[in-house]
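Next one to model:
(chains A and B)
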Protein chains: 2
Amino acid sequence: MEQRISIVTLGVKDLAASKRFYVEGLGWKPAFENPEIIFFQVGGMVFGLFLRNELAKDFEADPSTFGRAAISLGYNVRAKAEVNPLMKRAAEAGATILKPAREASWGGYSGYFADPDGFAWEVAWNPAWPVAPDGTIEFR
Amino acid sequence: MEQRISIVTLGVKDLAASKRFYVEGLGWKPAFENPEIIFFQVGGMVFGLFLRNELAKDFEADPSTFGRAAISLGYNVRAKAEVNPLMKRAAEAGATILKPAREASWGGYSGYFADPDGFAWEVAWNPAWPVAPDGTIEFR
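Below you'll find the model as predicted:
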């Protein structure tokens, strides 16, 4: 098994609300959308927003068991000065600020916001993990 | 905001069990590990397994609110014949099979397994989304 993730799909309650957040709020451009799902190209990967009941059917789960996800998605920036404006932009787009950006124990600067379904996104500047021109990061 | 995800971090209950699954079972090689976290390089991204109570602290959540995650991670293969052996390998590594692989409505072939913490992984062959030599996929 190669070490890669091809797709990250979030189960969402209200696709219109998700679209307002990711598309109108954050400025992401969908590659595909229908009334159940929206796909985005994110680097060499696909990011999906899928109605949670449909996602539950897809992996044969009971959606009543869904709770807060023990997961975070990270968005690393190239410069420390990018963190605060991005947290502000997310808040203006309707995100809940989980943790205002601050100096981190690991030597960087980061904060967390939650998207309309409560999924945690960390906006991080990590001087040890430079972001390449193509947006990829390499663990060092 | 560029369209990319830098890091996907799963909150796990037992890091040793996660390591048995991902490292011994699936054969992934850690880039870093300590008693709280294991990082893997996955393509141009980082994948983390982080003790869920520590992850909860990081984004200031109450871990008692964590439930089943309404999320799936996808691993797309290059050929249909890779799906069944990979599902078998995951099962042998201790995964729960959520949905045995079958023909999909969207024209491919896929199944789902759950990792030790219940996170759903879809193993998919999608003839419309070829996997590039470097492991990336492009939405078409």
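
Just say helix, strand or coil for A:Ile97.
strand (DSSP: H, G, I helix; E, B strand; the rest coil).

give me the number of residues near it?
Other residues near A:Ile97 come to 15 when the count uses other C-beta atoms under 10 Å in any protein chain shown. The C-beta positions use only the backbone N, C-alpha and C, and glycine is treated the same way.

doesn't A:Leu86 make contact with it?
No. Counting by C-beta atoms under 8 Å, A:Ile97 stays clear of A:Leu86, with 11.7 Å between them.

Pull out the buried positions in the longest helix along chain A.
As assigned by DSSP state H, the longest helix anywhere in chain A is helix A:83-92. Buried residues in helix A:83-92, counted by 16 or more other C-beta atoms under 10 Å in any protein chain shown: A:83, A:86-87, A:89-90.

in terms of contact count, name the helices or strands touching it.
strand A:96-103, strand A:109-114, strand A:120-125 (3 or more C-beta pairs under 8 Å, 6 or more residues apart in numbering or on different chains; DSSP states H and E).

Note down every partner strand of the longest one and its orientation.
Read it as strand A:96-103. strand A:109-114 (antiparallel) (DSSP bridges).

What does whichever residue of chain A sits closest to chain B show for phi and psi?
Nearest to chain B, among the residues of chain A, is A:Gly67, at 1.6 Å (C-beta to the nearest C-beta). Dihedral pair for A:Gly67: phi -130, psi -160, per degrees, to the nearest 10.

Enumerate every residue touching it.
Contact analysis of A:Gly67 by C-beta atoms under 8 Å, 6 or more residues apart in numbering or on different chains lists B:65-69.

Filter those down to the buried ones.
B:66, B:68-69.

Any chance of a markdown table for those residues, columns distance to B:Asp117?
What follows is the buried ones among the contacts of A:Gly67, written out as a markdown table (distance: C-beta to C-beta, whole Å):
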| residue | distance to B:Asp117 |
| --- | --- |
| B:Phe66 | 10 |
| B:Arg68 | 10 |
| B:Ala69 | 8 |
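
between those, which is closest to A:Ala61?
The closest of the buried ones among the contacts of A:Gly67 to A:Ala61 turns out to be B:Arg68 (C-beta to C-beta; 6.5 Å).

Please enumerate the helices of chain A.
Along chain A, counting by DSSP H, helices occupy A:15-19, A:52-58, A:83-92.

Out of the contacts of A:Gly67, which is nearest to chain A?
For the contacts of A:Gly67, the residue nearest chain A by C-beta to the nearest C-beta is B:Gly67; the value is 1.6 Å.

got a pLDDT number for that closest one?
The per-residue pLDDT reported for B:Gly67 equals 94.

what do you get for the one 4 residues further on?
Looking at B:Ile71, its pLDDT stands at 97.

What sits closest to A:Phe113 if chain neighbours are left out?
Of all residues not flanking A:Phe113 in the chain, A:Ala95 sits nearest, at 3.9 Å (C-beta to C-beta, 6 or more residues apart in numbering or on different chains).

my read: the one you found touches A:Asp117, true?
No. Using C-beta under 8 Å, A:Ala95 makes no contact with A:Asp117, being 11.0 Å away.

per-residue confidence for the nearest residue to A:Ile37 once chain neighbours are set aside?
Once flanking residues are discounted, A:Ile37 sits nearest to A:Phe50: 4.7 Å by C-beta to C-beta, 6+ apart. With respect to pLDDT, A:Phe50 scores 98.

what's A:Glu77 in contact with, if anything?
For the record, residue A:77 is Val, not Glu. A:83, A:86, A:123-125, A:131.

Just the pLDDT at A:Glu138, thanks.
For A:Glu138, the model assigns a pLDDT of 89.

With distance to A:Arg4 as added columns, please give the helices of chain A in a markdown table.
Converted to a markdown table, the helices of chain A look like this (distance: least, C-beta to C-beta, whole Å):
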| stretch | distance to A:Arg4 |
| --- | --- |
| helix A:15-19 | 25 |
| helix A:52-58 | 21 |
| helix A:83-92 | 26 |
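
To A:Arg102, which of those lies closest?
Across those, closest to A:Arg102 is helix A:83-92 (C-beta to C-beta), at 9.7 Å.

Need the residues that contact the closest one.
Outside of helix A:83-92, the residues within contact range by C-beta under 8 Å, 6+ apart are A:25-26, A:75, A:77, A:97, A:100-101, A:109-111, A:113, A:121, A:123-125, B:1.

Can you say which of those residues are buried?
A:25-26, A:75, A:77, A:101, A:109-111, A:113, A:121, A:123-125, B:1.
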